[in-house]
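Q: I need the structure of the sequence given here:
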Amino acid sequence: MRTPRRFAVASMVVAAVGCVLAASSSAAQERPRPREAACSTSVRGSHARTSCFNPYPDADRVQLHVECARWWDPDMDSRRVEVGPAQHVELDERCWKEIRKAWVTHRRR
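A: Predicted coordinates for the structure are as follows:
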């Protein structure tokens, strides 16, 4: 009678250890989301503007990039601006003619 009880206890211990290991490995695989300022970018004709707000306690550095549509129109990059905690910044850039694409890059300090 002791053997079935020992087997049941041993199998429950093995199952519990397996659950703990599985939970810890799945938690270790989750990557933390980057804490970047939230930016909204708009394009109107030859002008691009982005508005960024940083809700996090760490500073973020943002930069607006503009790719112009015409081959002779140089692409533009704004200077990198630091957005501190609970701060708001706006960046502007332009092309001579149309804008093909505008985007923001982030760099943590």
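Q: report the secondary structure state of the nearest residue to Arg70 once chain neighbours are set aside.
A: Once flanking residues are discounted, Arg70 sits nearest to Lys97: 5.0 Å by C-beta to C-beta, 6 or more residues apart in numbering. From N, CA and C alone the C-beta is placed, and that goes for glycine too. The three-state label given to Lys97 by DSSP: H, G, I helix; E, B strand; the rest coil is coil.
Q: mind checking how far Lys97 is from Gly45?
A: For Lys97, the distance to Gly45 equals 9 Å [C-beta to C-beta, to the nearest Å].
Q: what about the chain, any weak spots by pLDDT?
A: The model of the chain has pLDDT under 70 over residues 1-32, 109.
Q: all helices for it, in order.
A: 2-29 (DSSP state H).
Q: next up, the contacts around the residue lying closest to Gly45 once chain neighbours are set aside.
A: With sequence-adjacent residues excluded and distances taken as C-beta to C-beta, 6+ apart, Gly45 is closest to Glu98, at 7.1 Å. Neighbouring residues of Glu98 by C-beta atoms under 8 Å, 6 or more residues apart in numbering: 45-46, 68-70.
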